[in-house]
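In: sequence first, predicted coordinates after that:
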Amino acid sequence: MTKVLKNSTTQLFIGLIFGVVFGGVMKILPPWVYVDDVIVNGLFKLLGNGFIELIKMTVMPLVFVSIVCGISSFGDTKKLGKVGAKTLLIFFITTVISIVIAISLALIFKPGVGLNVENLSYETKSIPQSAKNLIDIMLDIIPSNPIRAMSKGNLLQVLVFAAFFGIALGGMGEKSESIIRMFNVLNECIMKIVSMIMVIAPVGVFALVSNTVYSIGFESLVGILKMAAVVILALFLQGFLVYGIMYKVMTGLSFLNFLKNYTKVAGLAFSTSSSNATLSSSMEMMDKLGVDKSIYQFVLPVGATVNMAGTAIMQGVSSVFIAQAYGLPLTIQSMITITVTAVFASVGAAGVPGVGMIMMAMVLESAGLPVEGIALIIGFDRILDMARTVVNVMGDCICAVVVAKSEGGIKV
């Protein structure tokens with residue numbers, strides 16, 4: 001029993017369960033000023049937000065160093081081109097499939113039909129008022145100033161610069177060997193820092209989940225709950241059906257064994273709502289599965305930045321839900337527009353909590369739907385964000401194993 005309790009995965013889920021229970025208890029207690037001022041906005045804010053900030057501290061250096069290490073280790077740029085092409089193709093196909101599933105389920109179950117939005121009162125100040133168009137997102141990928149991109153946390157720009165940097169190092173032969181060794185040492189150092197931070201993960205998870213349950217509560221409108229259920233169903237189908245079949249068919253490996261190893265990563269992804277925060281745990285999982293280091297060091301950071309199938313599902317279901325809630329018809333052209341825009345939006349969504357709502361505004365605007373409709377779902381976004389992050393990260397890990405298998409990069 002003691003051995004089980006010392007297991008990091010067990011500790012994470014204990015923190016998660018206690019967080020749900022404690023948050024629910026605080027919610028049903030009579031109004032008490034010290035709950036908000038001392039516990040929620042004091043202790044929980046310190047523990048939960050502090051844990052997130054510590055993780056965010058390692059994200060930028062981890063992404064940059066991992067990408068450089070992964071790409072430079074290929075040496076042969078032709079091999080890198082093959083791995084990169086396979087990775088992006090898998091991400092694109094699975095994202096399109098996820099949106100099709102999302103829109104189809106929303107059209108079947110009609111979660112927004114009958115919802116009288118005129119009788120609902122929401123705070124509009126929290127609704128995202130601006131969203132980048134497709135051209136701006138494509139231009140934003142180009143890092144005119146890599147140092148500024150790092151300081152501002154623009155992961156797409158950092159990723160592009162790291163890719164060029166790694167390709168250049170890998171193509172320089174013996175001249176760059178000392179620099180590559182230095183980056184490998186830096187990578188190990190950053191991973192060590194992450195391991196130190198993860199010691200307090202159960203406490204951070206407890207504080208984050210307690211705060212979420214207390215803030216949102218268990219009461220809401222039936223229509224919005226129905227929408228949330230459709231999102232969860234779509235995420236389930238994407239994770240267990242689409243990814244499960246793809247994993248089994250394209251690798252011949254046991255999907256149950258994958259899920260067993262993914263448990264710890266899933267717990268962290270769910271509690272932090274951040275693809276980036278799970279990078280170190282995902283890499284540890286790849287080591288256990290025997291995936292070649294040079295492949296997963298490339299695929300996972302790229303996936304954490306551009307592969308957001310779970311986010312795309314949320315955007316697809318939400319678009320249909322908002323259209324139904326406002327009584328607006330959805331044509332075939334509108335659904336195609338939602339699909340295409342959601343693919344670009346998921347690519348432009350950084351792997352950090354809450355960014356999905358900003359990208360949601362872009363999808364709604366492109367389809368001619370009211371951006372104000374985001375107010376209908378914004379209260380539930382935190383919980384759904386936790387669930388879709390699990391699928392986002394699963395897609396990254398599945399892709400890494402599939403690409404590694406195709407390149408003979410899995411140690412049996």
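Out: On my side now, so go ahead. Numbers count the residues shown, from 1 in each chain.

In: lowest average confidence, helix or strand, in this protein?
Out: Here the helix or strand of the chain ranked lowest by mean pLDDT, DSSP states H and E is helix 2-6, holding a mean of 52.

In: give me the mean pLDDT for the helix or strand encompassing Val299.
Out: According to DSSP states H and E, Val299 maps onto helix 293-306. Regarding helix 293-306, the rounded mean pLDDT is 83.

In: hey, C-alpha coordinates of it in CSV?
Out: What follows is helix 293-306, C-alpha atoms only, in CSV (Å, rounded to 0.1, in the frame of the first residue of the first chain):
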residue,chain,number,x,y,z
LYS,A,293,15.0,10.1,-28.9
SER,A,294,15.8,12.1,-32.1
ILE,A,295,12.2,11.5,-33.3
TYR,A,296,10.2,12.2,-30.2
GLN,A,297,12.3,15.3,-29.4
PHE,A,298,11.1,16.6,-32.7
VAL,A,299,7.5,15.4,-32.9
LEU,A,300,6.4,16.2,-29.3
PRO,A,301,7.4,19.9,-29.1
VAL,A,302,6.0,20.4,-32.6
GLY,A,303,2.7,18.6,-31.6
ALA,A,304,2.4,20.7,-28.4
THR,A,305,2.4,23.8,-30.6
VAL,A,306,0.5,22.8,-33.8
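
In: elements contacting that helix?
Out: Helix 293-306 sits against helix 50-72, helix 77-109, helix 155-170, helix 279-288, helix 381-406, with contacts defined as 3 or more CB pairs under 8 Å, 6 or more residues apart in numbering; DSSP states H and E. Every C-beta, even on glycine, is put in place using the N, C-alpha and C of the backbone.

In: next, the buried residues of the longest one.
Out: Residues of helix 77-109 classed as buried by neighbour count (16 or more other CB atoms under 10 Å): 80, 83-84, 86-87, 90-91, 94-106, 109.

In: how much does it deviate in direction from helix 50-72?
Out: 130 degrees (axes from the mean of the first three to the mean of the last three CA atoms, to 10 degrees).

In: quick one: the helices in the stretch 101-250 of the chain?
Out: 134-140, 146-152, 155-170, 177-197, 201-216, 222-236, 243-251 (DSSP state H, counting those that start in this stretch).

In: off-centre distance for the longest one?
Out: So that's helix 177-197. 24 Å (CA atoms, centre = their mean, to the nearest Å).

In: now for it, which elements pack on it?
Out: Against helix 177-197 (3+ CB pairs under 8 Å, 6+ apart) you get helix 50-72, helix 155-170, helix 279-288.

In: CA atoms of stretch 325-340 as PDB?
Out: Provided in PDB are the C-alpha atoms of stretch 325-340 (Å, rounded to 0.1, in the frame of the first residue of the first chain):
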ATOM      1  CA  ALA A 325     -28.800  28.700 -30.000                       C
ATOM      2  CA  TYR A 326     -29.200  31.800 -32.100                       C
ATOM      3  CA  GLY A 327     -31.500  30.000 -34.500                       C
ATOM      4  CA  LEU A 328     -29.100  30.600 -37.500                       C
ATOM      5  CA  PRO A 329     -29.000  28.100 -40.300                       C
ATOM      6  CA  LEU A 330     -25.800  26.300 -41.100                       C
ATOM      7  CA  THR A 331     -25.100  25.600 -44.800                       C
ATOM      8  CA  ILE A 332     -22.700  23.100 -46.300                       C
ATOM      9  CA  GLN A 333     -20.400  26.100 -47.100                       C
ATOM     10  CA  SER A 334     -20.600  27.300 -43.500                       C
ATOM     11  CA  MET A 335     -19.600  23.900 -42.200                       C
ATOM     12  CA  ILE A 336     -16.700  23.700 -44.700                       C
ATOM     13  CA  THR A 337     -15.600  27.100 -43.600                       C
ATOM     14  CA  ILE A 338     -15.700  26.000 -39.900                       C
ATOM     15  CA  THR A 339     -13.600  22.900 -40.800                       C
ATOM     16  CA  VAL A 340     -10.900  24.800 -42.700                       C
END
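
In: ok, and what's touching it?
Out: With contacts defined as CB atoms under 8 Å, 6 or more residues apart in numbering, stretch 325-340 is touched by 96, 99-100, 103, 107, 112, 115, 117, 223, 315-316, 319-320, 323, 363, 366-370, 373, 376.

In: buried residues in that stretch, which are they?
Out: For stretch 325-340, burial by neighbour count (16+ other CB under 10 Å) applies to 325-326, 330, 334-335, 337-340.

In: nearest to Val63, of the helices of the stretch 101-250 of the chain?
Out: Val63 sits nearest to helix 155-170 of all the helices of the stretch 101-250 of the chain, at 6.0 Å, using CB to CB.

In: burial of Met57, as a residue count?
Out: 13 (other CB atoms under 10 Å).

In: my bad, should have said Val199
Out: Using other CB under 10 Å, Val199 has 10 other residues around it.

In: likewise for the one 4 residues further on?
Out: Val203 is surrounded by 15 other residues when neighbours are defined as other CB under 10 Å.

In: what's near enough to touch the closest residue to Ala201 other than its chain neighbours?
Out: In space, and not counting its chain neighbours, Ala201 is closest to Leu12: 6.1 Å by CB to CB, 6 or more residues apart in numbering. The contact partners of Leu12, by CB under 8 Å, 6+ apart, come to 201-202, 205, 264, 267-268, 271.

In: quick one, which of the contacts of stretch 325-340 are buried?
Out: 96, 99-100, 103, 112, 115, 117, 223, 315-316, 319-320, 323, 363, 366-367, 369-370, 373, 376.

In: of those residues, which belong to strands?
Out: Assignment to strands by DSSP state E places none of the buried ones among the contacts of stretch 325-340 there.

In: circling back to that earlier point, of the contacts of Leu12, closest to Met246?
Out: Nearest to Met246, judged by CB to CB, of the contacts of Leu12 is Lys264 at 21.9 Å.

In: hmm, Thr341 is touching Gly368, no?
Out: No: applying CB atoms under 8 Å, one finds Thr341 not in contact with Gly368, separated by 11.2 Å.

In: and the gap between Gly408 and Tyr247?
Out: For Gly408, the distance to Tyr247 (CB to CB, to the nearest Å) stands at 17 Å.

In: that should have said Gly290, apologies.
Out: Distance from Gly290 to Tyr247, by CB to CB: 15 Å.

In: give me the more crowded residue out of these two.
Out: More neighbours surround Tyr247 than the other of Gly290 and Tyr247, with 22 against 13 (other CB under 10 Å).
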